[in-house]
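1. this is a predicted model, with the sequence first.
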Amino acid sequence: MSNGEGGIDMPQQVDSGEGGTDILHQTEILWQDPQTVSFSLRRHAEKRAAEPRGGLSTEGIPATQSAAAEWVHHLPAHAHVTLVESPSPMPGATIQRGGRDYTPMPARAQMTGSIYRRALVDASSSQGGDGSGDSAVVLEDRQQEKLLGDYFETCNRPPGEYFKALSASYGRTTPQFWTDFFEGHLSQSVQEASDACGLSSAQDLSRNMAAFIATTTDDITSGAPQTEPRKHVILGITHEENLGGFMHSLARYVESSGNPLLAQKLRDRRFGYNDGIDIHIPASKDGPQVASIVVDGSVISIPLEELRKL
């Protein structure tokens, strides 16, 4: 499937078990192609289980430093990177500081973003610093984006009643909770408490993710063509529920296209810390813009206009 430029073929919807070597080779070409906008959507680093909850764990920091260094190492030459982070904090237990009550509000995605930023700055410095090196990468911008926020980002009141209902029905955010959350089948008491607090559903988070991808692509491709196309890479730091919700919406699309086995793989996919997916979209609007979504060894091709509707 042509991307509209005549030179790069977009992978068809396929599972790695159906001849995935050639498919993954094609996605690597897209990753390197300056006329393709590439997204790398990642879950944040490992967070602390103890207070202050939401900060990065002692083990999570070096693990993320390694993950960030590896990610930067595989960036295309002269990539212009925009780092976009969820702003969502995780409120901790109230503590005393200076005779006053204080509630820590660590934002794990922003902390993770700082580690990736350092890796990008270090890489740029080692490659020439001014962006003139043969393979120099450029950190073009760093932003916060509510569309990547967690399911509490829309919370409009203290969630005490929600946590009570959650504890009574599930104990905590167990695997069964997440299964029910992604499938839209939370227990009635939890669903009612969630609605009362204005929490986002998995479908809401998926729509936000699709909107982020589509509007960012529009912003990049709406300007006048550049003499020398820049390779735009958007690194989005988000949360497990956002990625999982997006997978479930994508599974419905894949299933409607006649691939139930791949659809089930997408539903079953869970995201560990620093784990994620890549998406490649042609920058040119001369032909159909088809997103190639890379999930492990599988590639799902979906027109950008269909992606907007997920």
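-> Perfect, I can see it now. Residues are numbered from 1 along each chain as shown.
2. rounded mean pLDDT for the host helix or strand of Ile237, please.
-> Ile237 is part of strand 231-238, with elements assigned from DSSP states H and E. Per-residue pLDDT values over strand 231-238 give a mean of 98.
3. partners of that strand in the sheet?
-> With DSSP bridges as the criterion, the sheet partners recorded for strand 231-238 are strand 36-43 (parallel), strand 79-85 (parallel).
4. tell me the most buried of those?
-> Scoring the strands paired with strand 231-238 by mean neighbour count under mean count of other Cβ atoms under 10 Å gives strand 36-43 as the most buried, with a mean of 24. For the C-beta atoms, the positions are set from N, CA and C on the backbone; glycine is no exception.
5. send the alpha carbons of that one over as CSV?
-> C-alpha atoms of strand 36-43 as CSV (Å, rounded to 0.1, in the frame of the first residue of the first chain):
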residue,chain,number,x,y,z
THR,A,36,6.9,9.8,7.8
VAL,A,37,5.8,11.1,11.2
SER,A,38,6.7,8.6,13.9
PHE,A,39,5.1,8.3,17.3
SER,A,40,6.6,6.3,20.2
LEU,A,41,4.0,6.0,22.9
ARG,A,42,5.4,4.7,26.2
ARG,A,43,4.2,3.9,29.7
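6. just after it, pick out the following helix or strand.
-> Using DSSP H and E, the first helix or strand after strand 36-43 is helix 60-73.
7. give me the contact list for that next one.
-> Residues outside helix 60-73 that contact it (Cβ atoms under 8 Å, 6 or more residues apart in numbering): 40, 45-48, 56, 112, 115-116, 118-120, 122-123, 137, 235, 273-274.
8. ramachandran coordinates for Val295?
-> Backbone torsions of Val295, given as degrees, to the nearest 10, read phi -120, psi 100.
9. and the closest residue to it other than its chain neighbours, what are its bridge partners?
-> Residue nearest to Val295 in three dimensions, not counting chain neighbours: Ile277, with 5.2 Å by Cβ to Cβ, 6 or more residues apart in numbering. Here Ile277 sits in beta bridges with Leu41, going by DSSP bridges.
10. break down the stretch 151-300 of the chain into its strands, ranges please.
-> Secondary structure of the stretch 151-300 of the chain (DSSP state E, counting those that start in this stretch): strands at 231-238, 276-282, 290-295, 298-303.
11. ok, now which ones touch the residue nearest the centre of the chain?
-> Nearest to the geometric centre of the chain sits Leu41, at 2.8 Å (Cα atoms, centre = their mean). For Leu41, the contact set (Cβ under 8 Å, 6+ apart) comprises 209, 236, 238, 243, 276-279.
12. please redo it, this time with the cut-off set to 7 Å
-> 236, 238, 243, 276-277 (Cβ atoms under 7 Å, 6 or more residues apart in numbering).
13. just the angle between the strand holding Ile237 and strand 276-282, please?
-> Computed by axes from the mean of the first three to the mean of the last three Cα atoms, to 10 degrees, the angle separating strand 231-238 from strand 276-282 equals 150 degrees.
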